[in-house]
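[1] sharing a model prediction with you, sequence too.
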Amino acid sequence: MRHVASDIAGLFPTMDLSRRGFVVTTLAAGFALTVQPVQASTITTDTEGLVAGEVQIPVADGTIPAYRAQPAKPGPHPVLLVVEEIFGVHEHIKDMCRRFAKQGYLAIAPELYSRLGDVVAMTDIKEVVATVNKAPDKTEMSDLDATVAWAGKNHGDTRRLGITGFCRGGRTVWMYAAHNHNLKAGVAWYGPLVGTPTDAMPTNPVDVAGEIKAPILGLYAGLDQGILKEHVETMRAKLLETGNTRSQIVVYPDAQHGFNADYRPSYNEADAKDGMSRCLAWLRANGVGQEEA
């Protein structure tokens, strides 16, 4: 059952739910309502050989739900943070965690919008965007740090720490790489690179390029209507300017934004498969997934 603060307050009117400020405390089942109907191309990964399901992550001001998938065999396993799209930790993000777990990772996706709104249940894309744009980078960084700490206590090897993310989560990959210098590597899927500063997002990836120490692979779409060619070229130039020669950006010329989202019309099977192959190779080549000697 999904628990939303307003519903609980109606049952227990004497409870002070505002103190914690969490709207979503349990992950939803299924796909985000904004992106229905789900396409026939949708991939479903089983849990055979895995331990998978919802967990609760202690954070600075309470707990947030997360989806975790990892091999059933004893660890410790390399840790991979999986950062959601603007649609929340819905079935596609859970499936991505299972796909990575099949490759040997403790893959975990925290619900970073849990304080702001139930984006999985929203049906208006404008409401979704307005909600996620209120998510402060500072809070996201803290929540991801807390997720890493949880993984380290639950059969994860945080010395082999990676991150991947999609859409807004792709932007978070770049930002977290600048924040956490213990990160080994990251893969950003079509994440925004530039933007107008706001209170929640005072800087963007191009602004923090010089603080990124880990090698990041960016996977971008040539037909993206929001992340333009000049944005990509600006980021490439910033990386070179600041000496980050290990990071790379690959652009798929015939792909649209969301080309890995197999549940949406934007899905491009060939580019998604190539991107996943590059993603796994990048992580392993940069110390995320390699077994310790």
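    Received the coordinates, thanks.
[2] only C-alpha atoms for contact and neighbour calcs from this point on.
    Will do.
[3] can you show me the helices along the stretch 151-293 of the chain?
    Counting by DSSP state H, counting those that start in this stretch, the stretch 151-293 of the chain has these helices, from start to end: 168-179, 229-241, 269-285.
[4] please read the previous query as pertaining to the stretch 1-150 of the chain.
    For the stretch 1-150 of the chain, the helices defined by DSSP H, counting those that start in this stretch occupy 5-11, 91-102, 125-132, 137-152.
[5] quick check, pLDDT for the residue sitting nearest the centre point of the chain.
    Nearest to the geometric centre of the chain sits Val83, at 0.8 Å (C-alpha atoms, centre = their mean). Val83 is assigned 98 on the pLDDT scale.
[6] now do the contacts for it.
    Counting by C-alpha atoms under 8 Å, 6 or more residues apart in numbering, Val83 makes contact with 109-110, 163-166, 169-170, 172-173.
[7] please name the bridge partners of it.
    In this entry, Val83 is beta-bridged to Gly165, by DSSP bridges.
[8] separation between it and Gln39?
    Per C-alpha to C-alpha, to the nearest Å, Val83 is found 22 Å from Gln39.
[9] what sits against Pro253?
    Contacts of Pro253 (C-alpha under 8 Å, 6+ apart): 221-223.
[10] nope, Val208 is what I meant
    175, 178.
[11] which ones among the contacts of Pro253 are found in strands?
    Using DSSP state E, the subset of the contacts of Pro253 located in strands is Ala221.
[12] for His90, which non-adjacent residue is spatially closest?
    Once flanking residues are discounted, His90 sits nearest to Phe31: 5.2 Å by C-alpha to C-alpha, 6 or more residues apart in numbering.
[13] hang on, the earlier thing: distance of the residue nearest to the centre of the chain relative to Leu161?
    Distance of Val83 to Leu161, given as C-alpha to C-alpha: 14 Å.
[14] any chance of a markdown table for the helices of the stretch 151-293 of the chain, columns distance to Ser247?
    Output for the helices of the stretch 151-293 of the chain, formatted as a markdown table (distance: least, C-alpha to C-alpha, whole Å):
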| stretch | distance to Ser247 |
| --- | --- |
| helix 168-179 | 11 |
| helix 229-241 | 7 |
| helix 269-285 | 10 |
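[15] just say which of those is most tucked in.
    Comparing the helices of the stretch 151-293 of the chain by mean neighbour count (mean count of other C-alpha atoms under 10 Å), helix 168-179 ranks first with a mean of 24.
[16] give the rounded mean pLDDT of that one.
    98.
[17] please renumber the chain so that the first residue is 55 from this point on.
    In the new count, where the first residue is 55, that last one comes out as helix 222-233.
[18] so it versus helix 179-186, what angle?
    Helix 222-233 runs at 20 degrees relative to helix 179-186, counting by axes from the mean of the first three to the mean of the last three C-alpha atoms, to 10 degrees.
[19] packing partners of helix 222-233?
    Counting contacts by 3 or more C-alpha pairs under 8 Å, 6 or more residues apart in numbering; DSSP states H and E, helix 222-233 packs against strand 131-137, strand 210-220, strand 239-243.
[20] and the pLDDT for Pro112?
    Pro112 is assigned 96 on the pLDDT scale.
[21] same question for Val78.
    88.
[22] and for Arg74?
    Arg74 is given a pLDDT of 52.
[23] can you check Gln344 too?
    You'll see Gln344 listed with a pLDDT of 62.
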